[in-house]
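> Below are the sequence and a predicted model for it; my questions follow.
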Amino acid sequence: MTSSDRYSVAHTTGPSGVHVGPTGDHTGVTMGDRFIVALDVGTTTIRAHVYDQKTVIRGTGSRRIELLYPMQGWVEMDETVLWQQTQDVIRDAITDAGLKASDISCMGITTQRNTFITWDKETGEAFHHFITWQDLRSSDLVKQWNDSYRMKAFNKGAKLLYYVTGKKRFLSAAVLRFKSAQVVMRLRYQIDANEKLRSRLEEQKVMFGTIDTWLLWQLTGHQVYATDYSCASVTALFDPFQMEWSGVVSNLIGIPLHIFPPLMDTSGYFGDCVSDLFGSPIPITAIVADQQGAMFGQCCYKVGDVKCTMGTGTFIDCNTGDKPHASIAGLYPLIGWKIGKECVYVAEGFASDTGRCLEWARSIGLFEKFEDLESMAAVVSDSAQLLCSCFQRPTDASE
């Protein structure tokens, strides 16, 4: 059976729900069974699961992500280590399931957002490590831009255009403010600071990618260069109203459009993992940003459905339907997922320091184990204050 045949079977079958069972359940495997691999690259852990057709986990592999702190406020990931860990967890999950790569129908990938890398188009050499979404090296630049006369003129011009045209894309632009967690200013900072990157950029020899793009490039043997709409939409370099990389923001900040990868649907055929990696080609058939993927997995398919995810940060996402929601509070609309003609938008509020706050609270003795938090939370009669704070007008972490 070819990789495309295996993908076709898996694609038409689809998941039957969101329940997952115990890991390492190898019982009842027959010749006709179909399995998929789900790769999840988070902020602290990278893991892979093998699921069967009943969405029972048959095998698991995981590694702790090694973060680098070269300077105060800088947070990086070594791309060579991440690449090796990616291969390891996929192999481990398949082996734990008692399977071979040829038994896998397809693979889906979800990743942390706004962590990016740039590399040379001809040599494949990275210009720098992954710069993560937690990195604050551009915080001064963010503040300079948000307080600049140029940005204020941009906001006022957009506001005037909104009053004249009534188009919501101008309303979003009127309240646009950059944040350190977004790619845009960290990329601008890196271009300014890295002479080799800047030189190759002028020669149009630079490739840019968030983790999903870079992993896709590596897994397919440097054959497929792309990202999906959900991953692109969070960078502040994407226009959700026009469904394309933003020429307006690119011109405003001075980042050429040719650096960005082509856009593809969240679900579809991206390409095959090369046979040399796992012993057989595995079709890659889905790429989605982690928070949007969590929303899809929690079945938030209707307008008004909301999910809350608590991990390194707290993220609250609301399904706003098939039209982008322009918020006067500064919540820029994101793409939840795009599958064929269906495109679902979300409004998102977040608090980025949840994990660090919990670690701090434990360090001063407020609780001993994270499991204790459940009983502590049950004492509180109302969580509205937490929800409201996530949807307040976002500010930069440095402010």
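Cool, the structure landed.
> Strand partners (parallel or antiparallel) of the longest strand along the chain?
In the chain, taking DSSP state E as the definition, the longest strand is strand 342-351. Using DSSP bridges, strand 342-351 pairs in its sheet with strand 314-321 (antiparallel), strand 334-339 (antiparallel).
> tell me the mean pLDDT over the longest one?
I take that to be strand 314-321. Per-residue pLDDT values over strand 314-321 give a mean of 89.
> in it, what's buried?
By neighbour count on 16 or more other C-beta atoms under 10 Å, the buried set for strand 314-321 is 314-320. Where C-beta positions appear, they are placed from N, C-alpha and C, glycine not excepted.
> Take those and lay them out in a markdown table including distance to Leu277.
Shown next, in a markdown table, are the buried residues of strand 314-321 (distance: C-beta to C-beta, whole Å):
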| residue | distance to Leu277 |
| --- | --- |
| Thr314 | 35 |
| Phe315 | 32 |
| Ile316 | 37 |
| Asp317 | 33 |
| Cys318 | 38 |
| Asn319 | 36 |
| Thr320 | 39 |
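> how far does the longest strand of the chain sit from the chain's center?
Mean-position distance between strand 342-351 and its chain equals 12 Å (C-alpha atoms, centre = their mean, to the nearest Å).
> Export only the CA atoms of it, formatted as PDB.
The C-alpha coordinates for strand 342-351 follow below in PDB (Å, rounded to 0.1, in the frame of the first residue of the first chain):
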ATOM      1  CA  GLU A 342     -14.800  26.400   5.700                       C
ATOM      2  CA  CYS A 343     -12.800  29.000   7.700                       C
ATOM      3  CA  VAL A 344     -13.400  29.400  11.400                       C
ATOM      4  CA  TYR A 345     -12.200  32.600  13.200                       C
ATOM      5  CA  VAL A 346     -11.500  33.000  16.900                       C
ATOM      6  CA  ALA A 347     -11.100  35.800  19.400                       C
ATOM      7  CA  GLU A 348      -8.400  35.100  21.900                       C
ATOM      8  CA  GLY A 349      -7.300  36.500  25.300                       C
ATOM      9  CA  PHE A 350      -4.300  35.200  27.100                       C
ATOM     10  CA  ALA A 351      -2.100  35.600  30.200                       C
END
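> can you give me the strands for the stretch 151-300 of the chain?
If DSSP state E, counting those that start in this stretch is used as the criterion, the strands of the stretch 151-300 of the chain fall at 206-210, 227-228, 238-239, 244-245, 263-264, 267-273, 282-289.
> lowest-pLDDT helix or strand in this protein?
In the chain, no helix or strand scores lower on mean pLDDT, DSSP states H and E than helix 3-13, which sits at a mean of 43.
> So which other helices or strands are in contact with the following helix or strand past that one?
Moving toward the C-terminus from helix 3-13, the next helix or strand (DSSP states H and E) is strand 35-41. The helices and strands touching strand 35-41, judged by 3 or more C-beta pairs under 8 Å, 6 or more residues apart in numbering; DSSP states H and E, are strand 45-51, helix 79-96, strand 104-111, helix 211-219.
> rewinding a little: contacts made by the longest strand of the chain with the rest, please.
229, 240, 243, 291-292, 295, 301, 313-325, 327, 331, 333-338, 389-392, 394 (C-beta atoms under 8 Å, 6 or more residues apart in numbering).
> which is the next helix or strand following it?
As assigned by DSSP H and E, the chain's next helix or strand after strand 342-351 is helix 354-363.
> Check which residues of that following helix are buried.
Using 16+ other C-beta under 10 Å as the test for burial, helix 354-363 gives 354-355, 358.
> What mean pLDDT does the following helix or strand past it get?
Using DSSP H and E, the helix or strand that follows helix 354-363 towards the C-terminus is helix 373-379. Averaged across helix 373-379, the pLDDT comes to 81.
> between the buried residues of strand 314-321, which is closest to Asp135?
Comparing the buried residues of strand 314-321 against Asp135 with C-beta to C-beta places Phe315 closest, at 18.1 Å.
> Distance check, that closest one against Asp290.
Distance from Phe315 to Asp290, counting by C-beta to C-beta, to the nearest Å: 9 Å.
> could I have stretch 37-46 exported to PDB, CA atoms only?
Provided in PDB are the C-alpha atoms of stretch 37-46 (Å, rounded to 0.1, in the frame of the first residue of the first chain):
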ATOM      1  CA  VAL A  37       0.600   9.800  14.600                       C
ATOM      2  CA  ALA A  38      -0.100  13.100  16.400                       C
ATOM      3  CA  LEU A  39       3.000  15.200  17.100                       C
ATOM      4  CA  ASP A  40       2.700  18.000  19.700                       C
ATOM      5  CA  VAL A  41       5.500  20.400  20.200                       C
ATOM      6  CA  GLY A  42       4.700  22.400  23.300                       C
ATOM      7  CA  THR A  43       6.700  25.000  25.200                       C
ATOM      8  CA  THR A  44       8.100  22.500  27.800                       C
ATOM      9  CA  THR A  45       7.400  19.100  26.200                       C
ATOM     10  CA  ILE A  46       7.500  17.500  22.800                       C
END
